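Colleague: Here is a sequence together with a model predicted from it:
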Amino acid sequence: MSGADRERLQATCLERYSPFVQFEKIWVEQCRATKSIKRSFGAKSALDYLIGEKLITFARVAEDHPEFAKELPRFLAAAWRVFNEYEIAGYVATRRPAVRRGLQRLLYIR
């Protein structure tokens, strides 16, 4: 089972066993945590956490779950509020080509 399949399965299981928790809103807390990470550990660590882990995972889950897809634009806007355009562009530029292309599409970077 691939990592993406495992993440989707976890999201589905969480939805099934926790009907009152809105997992599609988890990005709000992740963005809040990122601000603390950025202050304590620097922009690169914060970018790795929010963009490299959380946003990519959220976007993958959004492919199969409309409630996540609905929240994705809000998550993207919040990420752009946490980081400036130079931090995000610099981070994306350092990724491997396949990852870089995916992030460029996701974050609307040329």
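Modeller: That came through fine.

Colleague: What's the per-residue pLDDT of the residue nearest the centre of the chain here?
Modeller: Residue closest to the average C-alpha location in the chain (CA atoms, centre = their mean): Leu55, at 0.8 Å. Leu55 is assigned 96 on the pLDDT scale.

Colleague: in which helix or strand would I find the nearest residue to it once chain neighbours are set aside?
Modeller: Distances taken as CB to CB, 6 or more residues apart in numbering put Ala79 closest to Leu55, at 6.1 Å, once the chain neighbours are dropped. For glycine as for every other residue, the C-beta is placed from the backbone atoms N, C-alpha and C. Per DSSP states H and E: Ala79 is located in helix 66-82.

Colleague: which strands and helices sit next to that helix?
Modeller: Other helices and strands packing on helix 66-82, by 3 or more CB pairs under 8 Å, 6 or more residues apart in numbering; DSSP states H and E, are helix 26-41, helix 56-62, helix 97-107.

Colleague: any idea which of those helices is most buried?
Modeller: helix 56-62 (a mean of 19; mean count of other CB atoms under 10 Å).

Colleague: hey, C-alpha coordinates of that helix in PDB?
Modeller: Coordinates of each C-alpha in helix 56-62 appear next as PDB, following Å, rounded to 0.1, in the frame of the first residue of the first chain:
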ATOM      1  CA  ILE A  56       0.500  18.000   0.200                       C
ATOM      2  CA  THR A  57      -1.300  15.400   2.300                       C
ATOM      3  CA  PHE A  58      -4.400  17.600   2.400                       C
ATOM      4  CA  ALA A  59      -4.400  18.100  -1.400                       C
ATOM      5  CA  ARG A  60      -4.100  14.400  -1.900                       C
ATOM      6  CA  VAL A  61      -7.100  13.600   0.400                       C
ATOM      7  CA  ALA A  62      -9.000  16.400  -1.400                       C
END
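
Colleague: Would you point out the helix or strand in this protein whose mean pLDDT is lowest?
Modeller: Lowest mean confidence among the helices and strands of the chain (mean pLDDT, DSSP states H and E): helix 3-17, at a mean of 58.

Colleague: buried stuff in the helix holding Ala79?
Modeller: 68, 71-72, 75-76, 78-79, 82 (16 or more other CB atoms under 10 Å).
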